[in-house]
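K.L.:
Structural data only, the sequence is not supplied:
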């Protein structure tokens, strides 16, 4: 797959963003933190409950930028910082400059060979990653209660298409051939996202609407970040396995490693980053699966996402088709939570045709036996690409300066 094709596919994926075997998940139940740091990258740690851990460096830094009135100036300067190896812009506040210089370095445990193998995985499985990133994270995020509430009342809730485009950039950057190399952008994207999270943590507690709806006093804990993290790589791998997509062991490990590094760059403490897929599954069954549930805010976000193709000349991005795809990917339980009606035609087509579609693409069925309907799936993915391609070119991840203006 060419770099442009891979860019397009991953751009489509960021349109909504990450998946999982959600149909069997239980209603939201906050479980005590029991996951052992023995299953983490370092194999040890304090074992502190990540729900009470945020970002001890980025949070006070960004709070200080707000107090000094330097956020907008910092955002403006950082718009020109795009490549991992690019020098930091002149004129940055000294404390922000020092923070970025320290944290732009990859962790000592980062393995260049595994990251290279991840590139091979992304190139071979880019089509699947597009649809999986698309319908796991975006629609799944609407039934992750804390995330849905935080998104709805923060700046991102005012423009869901733009927020999804920022997620698209993360998906594209991590899947790029040069993701963590000097001419790539994933390190920059990770650090800018880390600063943006700190900005949300600073601003949301000032929103009476958020404080009235949120179950905590401070958003985006280390626990919350890992919940969202599992809605991406862990959920993607679950579905690829369920679809019986053959994946080489080294490519599976490389894919995981690229996301392990991303968690570190987002400011997650290494003691919370799973070391293996088995460790990731163990953590996901504790932090992701049990907490899924509908919220009023999540229902409204889902409604916005289902209307992304409204008014556009993309016939396969109509609300009924997006609803059918959501039900197919996330299961009846989540679709019912989100009040998505059943679509007999597209629902049946997906249920009956998707398995053979995958088999054809994997060379397990001969192409002449594939009915014309299979190519509707290809066209659906292409239309996601067309819808979001233009926005990726100019997207800039920045520290937010206000909450959702519709809810001051």
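P.N.:
Structure received. Only a predicted model underlies this, so the values are computations on that prediction, with no experimental measurement involved. Numbering: from 1, shown residues only.

K.L.:
what's the distance between residue 302 and residue 131?
P.N.:
For residue 302, the distance to residue 131 equals 17 Å [Cβ to Cβ, to the nearest Å]. The way it works is simple: take the backbone N, C-alpha and C, and place the C-beta from them, glycine included.

K.L.:
same question but for residue 339, I mixed them up
P.N.:
Relative to residue 131, and taking Cβ to Cβ, residue 339 is found at 23 Å.

K.L.:
between these two, which one's more packed in?
P.N.:
Set residue 339 next to residue 131 and count neighbours by other Cβ atoms under 10 Å: residue 131 wins out with 24 against 11.

K.L.:
can I assume residue 293 sits in a helix?
P.N.:
No - with DSSP: H, G, I helix; E, B strand; the rest coil as the criterion, residue 293 is coil rather than part of a helix.

K.L.:
Read off the pLDDT value for it.
P.N.:
Listed pLDDT for residue 293 reads 96.

K.L.:
So what's the residue count around it?
P.N.:
Using other Cβ under 10 Å, residue 293 has 17 neighbouring residues.

K.L.:
what does residue 280 give?
P.N.:
23.

K.L.:
which of the residues in the helix or strand in which it is found are buried?
P.N.:
For residue 280, the element it lies in under DSSP states H and E is helix 277-287. For helix 277-287, the buried set under the neighbour-count rule, 16 or more other Cβ atoms under 10 Å, comprises 277, 279-284, 286-287.

K.L.:
domains for the chain, by residue range?
P.N.:
Using automatic domain parsing, the domains assigned to the chain come out as 3-25+46-291, 296-392.

K.L.:
one step back: so can I have JSON lines of the buried residues of helix 277-287 showing pLDDT and distance to residue 73?
P.N.:
Putting the buried residues of helix 277-287 into JSON lines (pLDDT from 0 to 100; distance: Cβ to Cβ, whole Å) gives the following:
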{"residue": "277", "pLDDT": "98", "distance to residue 73": "43"}
{"residue": "279", "pLDDT": "98", "distance to residue 73": "42"}
{"residue": "280", "pLDDT": "98", "distance to residue 73": "39"}
{"residue": "281", "pLDDT": "97", "distance to residue 73": "44"}
{"residue": "282", "pLDDT": "97", "distance to residue 73": "44"}
{"residue": "283", "pLDDT": "97", "distance to residue 73": "39"}
{"residue": "284", "pLDDT": "97", "distance to residue 73": "40"}
{"residue": "286", "pLDDT": "95", "distance to residue 73": "42"}
{"residue": "287", "pLDDT": "95", "distance to residue 73": "37"}
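
K.L.:
Dump these to JSON lines, plus distance to residue 148.
P.N.:
Shown next, in JSON lines, are the buried residues of helix 277-287 (distance: Cβ to Cβ, whole Å):
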{"residue": "277", "distance to residue 148": "27"}
{"residue": "279", "distance to residue 148": "27"}
{"residue": "280", "distance to residue 148": "23"}
{"residue": "281", "distance to residue 148": "24"}
{"residue": "282", "distance to residue 148": "25"}
{"residue": "283", "distance to residue 148": "21"}
{"residue": "284", "distance to residue 148": "18"}
{"residue": "286", "distance to residue 148": "20"}
{"residue": "287", "distance to residue 148": "16"}
